[in-house]
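Engineer: Provide a 3D model corresponding to the input given below.
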Amino acid sequence: MELAKTLGLFIITAMAEILGCYLPYLWLRKSGSPLLLVGAAISLIIFSYLLTLHPEAAGRVYAAYGGVYVTVAIIWLWQVDGISPSATDLLGVIVTLIGMAIIVLGGWKTSP
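Structural biologist: Sure, this is the predicted structure:
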């Protein structure tokens, strides 16, 4: 159950981070409203806060989070940008999730 909770939190965290970076992109590249920057700032504050909710050492959390971030970014590419992931995109997701699993399963509870 703890693993599912952590994974869910990572997914929400990744969405907040990507949104926080995507909104300035819309402002700069797609002639969006400057108000998008307010949403971006709020999203990045939420992202930062969510990363503090994990009981593990920060470095280990960030390393494990990276695998989820890559996965959510590829889903974003597909669902928001409308670009189908390539075979190498999907292979990259698999490799990063394997790396994340090694970190989480191998050392998650070894922190002091």
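
Engineer: Could you say which helix or strand holds Thr88?
Structural biologist: Here Thr88 is covered by helix 87-107, with elements defined by DSSP states H and E.

Engineer: any residues touching that helix, and which ones?
Structural biologist: 3, 6, 60, 63-64, 66-68, 70-71, 74, 77, 85 (Cβ atoms under 8 Å, 6 or more residues apart in numbering). Using the backbone N, CA and C atoms, a C-beta is placed for each residue, glycine as well.

Engineer: CA atoms only: put it into CSV for me.
Structural biologist: Provided in CSV are the C-alpha atoms of helix 87-107 (Å, rounded to 0.1, in the frame of the first residue of the first chain):
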residue,chain,number,x,y,z
ALA,A,87,9.9,2.8,-29.8
THR,A,88,13.0,4.5,-28.2
ASP,A,89,10.7,6.7,-26.1
LEU,A,90,9.0,3.6,-24.7
LEU,A,91,12.4,1.9,-24.2
GLY,A,92,13.6,4.9,-22.3
VAL,A,93,10.5,4.7,-20.1
ILE,A,94,11.2,1.0,-19.4
VAL,A,95,14.8,1.6,-18.6
THR,A,96,14.1,4.5,-16.2
LEU,A,97,11.4,2.6,-14.4
ILE,A,98,13.7,-0.4,-14.0
GLY,A,99,16.3,2.1,-12.5
MET,A,100,13.6,3.5,-10.2
ALA,A,101,12.6,0.0,-9.1
ILE,A,102,16.2,-0.8,-8.2
ILE,A,103,16.5,2.3,-6.1
VAL,A,104,13.1,1.9,-4.4
LEU,A,105,13.3,-1.8,-3.7
GLY,A,106,17.0,-1.9,-3.0
GLY,A,107,17.5,0.9,-0.6
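
Engineer: Closest to Ala40 out of the contacts of helix 87-107?
Structural biologist: Of all the contacts of helix 87-107, Ala40 sits closest to Leu77, with 18.7 Å by Cβ to Cβ.
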